[in-house]
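Chemist: Sequence first, predicted model second:
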Amino acid sequence: MNPTSNLDLDTRQETFLDANELIINMGPQHPATHGVLRVILKLDGEKVLGTECVIGYLHRGVEKIAENRTYTMFNPYVDRMDYVAAVSNGLGYCEAVEKLLNVEAPPRAKYIRVILTELNRLASHQLWLGTHALDIGAMTPLFYTFRDREEILKIFEKYCGARLTTHAFRIGGCLYETYDGFEADVKKFLAFVPPKIDEYEELLTTNRIWLERTKNVGNISAKDAIALGVTGPVLRASGVKWDLRKAQPYAAYSDFDFEIPTGQNGDTYDRYLVRLAEMRQSLRIIDQAVNKIPEGPIMAKIPKVIKPAVGEIYHSIEAPKGELGYFIVSDGSTQPYRVRVRPPSFVNLQALDLMVRGQLVADVIAVIGTLDIVLGEVDR
Amino acid sequence: MLDYITSYLNSSTTPGQAGNYFWATVYILIIFAGVSIAVMAMNWIERKALAHFQIRLGPMRVGPHGLLQPIADAIKLLTKEDIIPDGADKLVFWIAPLIILCAAFTTYIVIPFGPTHAVTDLNIGILFMLGVSSLGVLGVVMAGWASNSHYPLIGGLRSSAQMVSYEVAMGLAVVAAILMSSLHGMGFYGVASNGSATGVGTLSMIGIVQAQNEQQTWFLFKFFPLGFLAFGIFAIAMVAETNRAPFDLPEAESELTAGFHTEYSGLRWSLFMLGEYAAMIAVSSIAVTLWMGGWMRPFPHWLAGDTWDLVFSLFPGITFLVLAAFAFLGVIRMPKHPLFKIQTIGLAGFGAVLGLIGLVLLLPPVRYRILDIYWFSAKVAIFMYLYIWYRATFPRYRFDQLMKLGWKVMLPLALGVLILTAILGVVL
């Protein structure tokens, strides 16, 4: 076991009548830990006395790789961190390097970026909903969400040839102009998806068992959430109206009119509602963007060899899972001196112990699901 | 010897009551084979229906529309390596699946597929049924404990608690049905107002169906809504009793990998599955017997008369003909490609067999004999479909919520229904 563990791994039985405490190893091979998360659970019967997350099973040294690649060469690597929201990762990295270079992407490129990123947010939330529901035992939403996510992936595939690790953007703008019929495809999707979201809601939102399984499960107060650095829908469900798209607008987000959905209780059900509301808000943003997408170039004037001046930059965006930040230090060469990623999943995962302590084993599964972690991003 | 065998043919009771061991054995073998085939069919139907709920196709490769998939699975499971974990208690590990299987299959002895189509008719039939089916808990606990592993242990404990608690509500709902069987117009329990024996309550499965026949109602609709409530309680409790979604906590895969049978593989695992599906059919049979008129056809009194008898007797044949029509529709829709030739021929053959069965069932001597079994199976099939439907729709309950539902909602409700039924029986 982890030598630095802060979980007391001694199991004790004070009197004869007490139940034996039990240490259970959940993962890394477990159907509901969303990849290779390992959680050491200390149980008293079904009650969780404490947890300890052991991570690193998917560590690929992404940050170290960056130091031996040029800025352009590193771009595809970021797609592999949060692989269900690759477009967001790419957007964050490209914007960070652009900031370092002091260039700005042309407006049309920004609009394309917004459309694709919001589509990706939708896809990420759909995947989250399917797997989260599956963890709680509802099998069917998974297939519905995957059916609808497919339409998004088709648009990605048509746009840049890849479905998952898209590498859609380049430093300075976009490499590809939108294909013929891009707007039509997106509009078709906008008409296609709202009834499908209603369908998910029909299956779950008022389902008695779903309510019992998610209400008052994994509560986290706004104060705790802020103290732990939790961001994204998890923070917003606790009632904090914090969305980087509004707070520090990047790309073209300041041009659009949308709401920040928040919850009150900070429980699993609120997080579910917040994410569903975000899906609808994303549709709103895409609708506005696709209707007023400007004409013009899609690539800013950037040098062939990217060689930023000595300096450092921190740039963060609102990824589907929370604040995704890139801290890049340049020593003036073609390769970054250091790249540090602030992944939302990793930071949000810290809240797991607080959220499940004193609850039941089944709630651990629900909470891991509701935190929406991707182990590729946690371990990098 | 031959006389011994043929003598039963003129009797109008079950072989068990007639004391005819030969026919009792034959019935047992038929039921064993029938239930095993039903489990295989259920396996295919569940996968197909669940797939269609979830916009998938389900098994499509092994045979036309995956019809041979259960057979392929059975062969796979039989030929798999038999693993017993090192730390396991070998004897208990070995016995546990057998107990579950035996408990599930023994209940079929008293299930009446028709007025004479049961192995035997015990005067304590329903009690026997509940008692034997609850022995399955023992197998679950033993499997969980013998595996000597954490997840199976928690799974075993969960399911023992769950099965024991839902048994209480289930038993009370059953008692309500038994009370209803004794009510016959005005009168007290056990004594009919007109002095006839039909007023006497019974625990016999066949007797309960006959009581429904005599009272000219399914107990589902008796003392509305009391019968309905009792039936509802039973219908929920039986899902919990068989560890199916949304009460499939003992084998909640997202929490406990596979619960009490995590360490089992191959043949032993398939015994668990066989036992689970057999138990599902068994409890559905109880529900049908107690509340839905058992083998009786719909509206035996309201739509009485020779014409209606004729119409309803055509149902079995027509059902098979419709199934055959579906098979031939599949033949027409098969891709016209040499690769699909064998599948197309196979499906056409399957359709032809179904059609032939349908035609045979339309023959007058056959159709009147098959009627009881047909209606009983059709009603059980409704419940089996419900099981699949639940699984596709509901999330899983959490353990404490399950217990709360069992003890704080179902139990008081069942008690209330029981008391009201008793009072109504005396007053009316």
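Modeler: That came through fine. Residues are numbered from 1 along each chain as shown, chains lettered A, B, ... in the order given.
Chemist: and the nearest residue to A:Y253 once chain neighbours are set aside, how far is that from A:D135?
Modeler: Of all residues not flanking A:Y253 in the chain, A:R245 sits nearest, at 4.4 Å (CB to CB, 6 or more residues apart in numbering or on different chains). The way it works is simple: take the backbone N, C-alpha and C, and place the C-beta from them, glycine included. The gap separating A:R245 from A:D135 is 28 Å, by CB to CB, to the nearest Å.
Chemist: Neighbour count: those two, which is higher?
Modeler: Set A:R245 next to A:D135 and count neighbours by other CB atoms under 10 Å in any protein chain shown: A:D135 wins out with 28 against 21.
Chemist: surely that one meets A:A32?
Modeler: Yes - counting by CB atoms under 8 Å, A:A32 is a contact partner of A:D135 at 4.7 Å.
Chemist: what's the neighbour count on the residue of chain A found nearest chain B?
Modeler: Closest to chain B within chain A is A:G137: 2.6 Å, counting by CB to the nearest CB. Using other CB under 10 Å, A:G137 is surrounded by 27 other residues.
Chemist: give me every residue that touches it.
Modeler: A:I209, A:R213, B:A245, B:P246, B:D248, B:A252, B:S254, B:F394, B:P395, B:R396, B:Y397 (CB atoms under 8 Å, 6 or more residues apart in numbering or on different chains).
Chemist: and with 6 Å instead?
Modeler: A:G137 is in contact with B:P395, B:R396, counting by CB atoms under 6 Å, 6 or more residues apart in numbering or on different chains.
Chemist: Give me the phi and psi for A:G173.
Modeler: Per-residue torsions, A:G173: phi 150, psi -140 (degrees, to the nearest 10).
Chemist: how near is it to A:C94?
Modeler: Between A:G173 and A:C94 the distance is 8 Å, computed by CB to CB.
Chemist: higher neighbour count, these two?
Modeler: A count of neighbours by other CB under 10 Å puts A:C94 above the other of A:G173 and A:C94, at 26 against 23.
Chemist: Helix, strand or coil: sort out that one for me.
Modeler: Put simply, A:C94 is helix when judged by DSSP: H, G, I helix; E, B strand; the rest coil.
Chemist: Contacts only, for it.
Modeler: A:C94 neighbours (CB under 6 Å, 6+ apart): A:F169, A:I171.
Chemist: Next to chain A in this structure, residues from chain B, please.
Modeler: Residues of chain B found near chain A (CB under 6 Å from any CB of the partner chain) are B:53-55, B:150, B:246, B:253-255, B:392, B:394-399, B:401.
Chemist: From the contact counts, what lies against the helix or strand harbouring B:V288?
Modeler: Per DSSP states H and E, B:V288 falls inside helix B:266-291. Packing partners of helix B:266-291 (3 or more CB pairs under 6 Å, 6 or more residues apart in numbering or on different chains; DSSP states H and E): helix B:21-53, helix B:69-78, helix B:90-106, helix B:226-241, helix B:364-393.
Chemist: Would you mind finding the most buried of the ones you listed?
Modeler: helix B:226-241 (a mean of 23; mean count of other CB atoms under 10 Å in any protein chain shown).
Chemist: which outside residues touch stretch A:170-178?
Modeler: By CB under 6 Å, 6+ apart, the residues outside stretch A:170-178 that reach it are A:C94, A:V97, A:V103, A:A105, A:P106, A:A109, A:I112, A:C160, A:I298, A:M299, A:A300, A:I302.
Chemist: actually stretch B:146-154, sorry about that
Modeler: A:I24, B:G87, B:A88, B:D89, B:V92, B:F93, B:G144, B:L256, B:T257, B:F260, B:T262, B:E263.
Chemist: Show me the two of the residues you listed that sit farthest apart.
Modeler: A:I24 and B:V92 (22.2 Å; CB to CB).
Chemist: Against A:I112, how distant is A:A319?
Modeler: Distance, A:A319 to A:I112, by CB to CB: 18 Å.
Chemist: no, scratch that, I was asking about B:L203
Modeler: Distance of B:L203 to A:I112, computed by CB to CB: 75 Å.
Chemist: Comparing these two, which residue is more hemmed in?
Modeler: Neighbours were counted for B:L203 and for A:I112 using other CB under 10 Å; A:I112 has more, 27 against 18.
Chemist: In which helix or strand does the more buried one reside?
Modeler: In this structure, A:I112 sits in helix A:107-136 according to DSSP H and E.
Chemist: How far off centre is that helix?
Modeler: 9 Å (CA atoms, centre = their mean, to the nearest Å).
Chemist: Show me the two of the residues of chain B next to chain A that sit farthest apart.
Modeler: Spanning the widest gap among those are B:I55 and B:H150, at 36.4 Å by CB to CB.
Chemist: Looking at these two, which is more packed in?
Modeler: Set side by side, B:I55 and B:H150 show more neighbours around B:H150, with 17 against 11, by other CB under 10 Å.
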